[in-house]
Every structure is written in structure tokens, then in C-alpha cells.
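Undergrad: any chance you can model this:
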Amino acid sequence: MNEADFIAALRQLPLHPGARGLEDDCAVIEFGGEALVLTHDAMAQGTHFRPDADLADVAWKLVASNLSDLAAKGAEPIGVLLGYGLGADDKRFIKGLHEALNAFEVNLLGGDTVKAQGPRVFGLTAIGKAMHIPVPARGRASVGDAIYVTGPLGCAMLGFEGVPEHAKAFNRPHPRIAEGLSLAPHVSAMMDISDGLLLDCWRMASASYGVAFELKRSTIPVADATRLDECIRWGDDYELLFTAPTTVVLPVPATQIGTVTAADFAPLWLDDEILTPQQGLGFQHG
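TA: Numbering: from 1, shown residues only. Next up is the predicted model:
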């Protein structure tokens, strides 16, 4: 099964209302007028990081990628739970974990450790408190909304390729927590860009039902304009992608990259071209 097939099968299982139909990056559990936001991401050796990667950077990125999901829900981080496979360079992992927890002002709640053979996989669950109700979702974009991103795309790709000034963008990304908290009361839909701008735009438009995202190449901020198509497909940028009515005065800097329209033939357009996941819009497992 590929990732999409597996998630479709999971949707046939009994789901908690907070799972949001497995169409979002986080679960949201509301109680007493407040809401907890929970997310879990994993990183696998050979897929998300090289076998020779510094585990201090891997630990940092594991924390940052999970907190980025909380940021997209306007949630203030409370703590994290770690799933860790023991092996080489455990002390380096702990060092990076300590640095990330200090940098993002979040505490460790607990977790589990195991020892096994083969490539290593690390998992992290992040828990946050929503600072605005309703909690932003992927699927609430409306016709007429503007589509925005909070920063340039492709920096992580260049960092992965060894461009010195972009090394930190790949190894030690910074989740847009402050921006997410500020934007939550104003957006109609929001998510972070982890698998590539085009794929995540397709996901947001599809989850919103009956709408299409019409993007304009000339307006999309990228790290290397000569490689725009790669920059908007590569992923790992952890910028925020969101929609909002054009009348909203945004509380943070962001770039409009397109408009939400009524869906006619497809949920995603780039200039005048229809795009589909089969065209390689971004990173997918399987």
C-alpha cells in the first residue's frame, strides 16, 4: 500500500471526532471551551536523514517538524513525547534534543526507548494548547480567499545540496510558532509546508471541497528563481500555507501566491495548467 491507500484504510476504523477524519495534520480535542492539539511525526534513516547525519541535527528537526504542525493550528506547545531507537551517537541525539527544547521553550513529557536491528526510526508526539477557537483546519478555504505563504520555498532543498547559506534551513529548521499564533484568528484554512508547496496546496484545496487553488508562478517566493519548479515541489520548508479573505489585514509578513476559486475541473492550477498528484507535486511515501 502507498501512503494514500493506507490512510484511506485507516479512515474505515473507528475514529475519534478529534481526528478530523484524518484529513488534517493534527488531532483536536475540545473540552470546557478549550482545545488540546496533538500531532505525531516520525523520521526514518535513509528516508528523512542520511545514515551519516549528525543525530543532534536529526533530533532538532524531529522536534521542529512536530512543532510546525502545532504552529499551523495556532497552538502553544506544552510538551513532547519521544519514541527512540537506541544505537550509535545517542549522546549526540540528546544534545540536539536539549538544544531544540530550549530554543522552542518546550519540555519533555516522557516516551519510550527500544533497541532493534536495522535502520533507525525516531518518533515524536507534540501536544499544544489552542490559543484560538475554532482551531484552524486544512479544509475551510472559501471561494474568493487569497492564498499566502509566510516565506521563501526551496531553502531546505539548497541546504540538502550543500549550499552553505541554506544549511540550517535543512538541518535545523524553525517552525513558525509565533506566526501561527498571530494568524489563527484571521485565516480560513492553514497548514505547514512539509511535503512541497504544490502537493500541500492540492491537499488543502481537496480538503476544502468545491474549491480550486489557482497559483501564479510569478508571485511565489523561492530561494532560487532559476529552479522554481523544484523549489515548489521539494518540501521540508516548514513555512505556513494559509488562506484568508482579501479584506483581512494580516498580522505577519506573507506573500499572496494565488486565489481560491470555485472548482470546475480540478482542485489545483499553476498559471493555466491543471496539476495532479500523479505529476509529482511533492514528497509522498510509496
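
Undergrad: burial check on the residue nearest to residue 236 when sequence neighbours are not counted, number of neighbours?
TA: Counting by C-beta to C-beta, 6 or more residues apart in numbering, residue 236 lies nearest to residue 156, which is 3.7 Å off, once chain neighbours are set aside. Just so you know, the C-beta spots here come from the backbone N, C-alpha and C atoms, and that holds for glycine as well. By other C-beta atoms under 10 Å, the residues close to residue 156 number 26.

Undergrad: that's a strand at residue 156, yeah?
TA: No. With DSSP: H, G, I helix; E, B strand; the rest coil as the criterion, residue 156 is located in helix rather than a strand.

Undergrad: what sits against it?
TA: Counting by C-beta atoms under 8 Å, 6 or more residues apart in numbering, residue 156 touches 166, 169-170, 173, 234-238.

Undergrad: just these: which has the poorest pLDDT?
TA: Lowest pLDDT among the contacts of residue 156: residue 235, with 91.

Undergrad: state the pLDDT value of residue 285.
TA: Per-residue pLDDT puts residue 285 at 43.

Undergrad: how long is stretch 189-196 end to end?
TA: End-to-end distance of stretch 189-196 (C-alpha to C-alpha, to the nearest Å): 17 Å.

Undergrad: could you do stretch 126-144 as well?
TA: 33 Å.

Undergrad: how far away is the nearest residue to residue 185 once chain neighbours are set aside from residue 74?
TA: Closest residue to residue 185 apart from its sequence neighbours, by C-beta to C-beta, 6+ apart: residue 132 at 4.9 Å. Distance, residue 132 to residue 74, by C-beta to C-beta, to the nearest Å: 5 Å.

Undergrad: roughly how far does residue 220 sit from residue 177?
TA: For residue 220, the distance to residue 177 equals 23 Å [C-beta to C-beta].

Undergrad: ok, now residue 90?
TA: Taken as C-beta to C-beta, the span from residue 90 to residue 177 is 28 Å.
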